[in-house]
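# Take a look and give me a structure for this.
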Amino acid sequence: MQEACCVVCCEVALKLLQLQIPTIRQKSFLKAQLASWHQCEHFLASLALFYNLRFRALYIILLALFHDLQIVTIAYDNQVAGVKPETPTVVGLLAQSWTMGILMFVQTMALVQYGHLFLGPKYQEGFRKSMDPGNTGKELDRYMETAIFLQISNSSAILILSARTVSFFFTTVPAWQLLFSTALGQVLINMWVFDPPGTIVKKMDGSDVAAIWVYDVLWLLFLDVVKMTAGGIWEKMKSPDIDNNPALQQSATKKKRMSNNLGAGYAVASAHLRDAEGGDIGEKKKRISQNLGKN
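The predicted structure is shown next:
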């Protein structure tokens, strides 16, 4: 199931990456999708390789489903013009999304390794059970799984607000459709972990939910700083030709040709005018000379 979810995410992303120059909204969409995909992929691989533990496949499916439902409204988002013209490129997009995805993966692994230091006793007990040698090769404790599920869900949702801006996520207001879908998804998930109707997730303490939210928001601020740094590095490294607009180049070429044609025409007209004026003066001089001879 986990592999199927990853294949679906990759297929959607790769279809959009076939565009040579994505639009700003497509760039925001791809940045959030690819970063979330990197986070989940690296987390699952590291959990299996370094801890020999498994994460419930159903959680991955739910994460992908909620994230897709939340991000689809980015098509209605408000776009704020930058200080200078921007030409989105696939290389720059991949660099930023990869950087953000790796940081989000580190964020999740830090919760796995050190979450018991700031979360409540239930998480501490779940951490002890999960890391027990007798649990090798099995799933994480259900409470610990629920906490990680909430952390990944929160971070991927608020990442949408970061991916749409070139600065901090709170500097511009998103479209109400995007804000509504993002908030609705997280309200449902947080209500679910507060009062789960079944056995899919474990009921979490309110203090742990609040601590995970603070943890995610603090990481989001750090993520914004890294995003802006990566964007600045790319702006310095990329070729100047990338920002050259082909339409503007064609317009400039046409103007230059018209200017050259007008210059050449003006030169020819001026030459003819000088010749005509020279001929008139010569004729006048000849007539004056003839009149003087007669007198």
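# all helices for the stretch 151-295 of the chain, in order.
176-194, 206-237, 246-294 (DSSP state H, counting those that start in this stretch).
# Tell me which other helices or strands the shortest one touches.
Packed against helix 176-194, as judged by 3 or more CB pairs under 8 Å, 6 or more residues apart in numbering; DSSP states H and E, are the following elements: helix 57-71, helix 142-163, helix 206-237. Placement of C-beta: from N, CA and C, glycine included.
# Mind putting those helices into JSON lines with mean neighbour count and distance to residue 38?
Output for these, formatted as JSON lines (neighbours: other CB atoms under 10 Å; distance: least, CB to CB, whole Å):
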{"stretch": "helix 57-71", "mean neighbour count": "18", "distance to residue 38": "13"}
{"stretch": "helix 142-163", "mean neighbour count": "24", "distance to residue 38": "11"}
{"stretch": "helix 206-237", "mean neighbour count": "15", "distance to residue 38": "13"}
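# helix or strand right after the lowest-mean-pLDDT helix or strand in the chain?
The helix or strand of the chain with the poorest confidence is helix 2-17; it has a mean of 47 (mean pLDDT, DSSP states H and E). Going down the chain from helix 2-17, the next helix or strand is helix 24-50, by DSSP states H and E.
# So residue 154 sits against residue 213, correct?
Yes: under the criterion of CB atoms under 8 Å, residue 154 makes contact with residue 213 at 6.3 Å.
# how far away is residue 133 from residue 35?
Distance, residue 133 to residue 35, by CB to CB, to the nearest Å: 34 Å.
# Those two: which has the busier surroundings?
residue 35 (27 against 6; other CB atoms under 10 Å).
# Report the separation between that one and residue 196.
28 Å.
# next one: residue 111
Distance, residue 111 to residue 196, using CB to CB: 20 Å.
# out of the two, which sits in the busier spot?
Using other CB under 10 Å, the more surrounded residue of residue 111 and residue 196 is residue 111, with 25 against 14.
# per-residue confidence for that one?
As predicted, residue 111 sits at a pLDDT of 94.
# give me the element it is part of.
Taking DSSP H and E as the criterion, the element that holds residue 111 is helix 90-114.
# which secondary structure elements does that helix contact?
helix 24-50, helix 142-163, helix 206-237.
# where among the ones you listed is the average confidence lowest?
Within those, confidence is poorest for helix 24-50, with a mean of 79 (mean pLDDT).
# quick one: it to helix 206-237, angle?
Relative orientation of helix 24-50 versus helix 206-237 (axes from the mean of the first three to the mean of the last three CA atoms, to 10 degrees): 120 degrees.
# tell me what helix 24-50 is packed against?
Packing partners of helix 24-50 (3+ CB pairs under 8 Å, 6+ apart): helix 2-17, helix 57-71, helix 90-114, helix 142-163.
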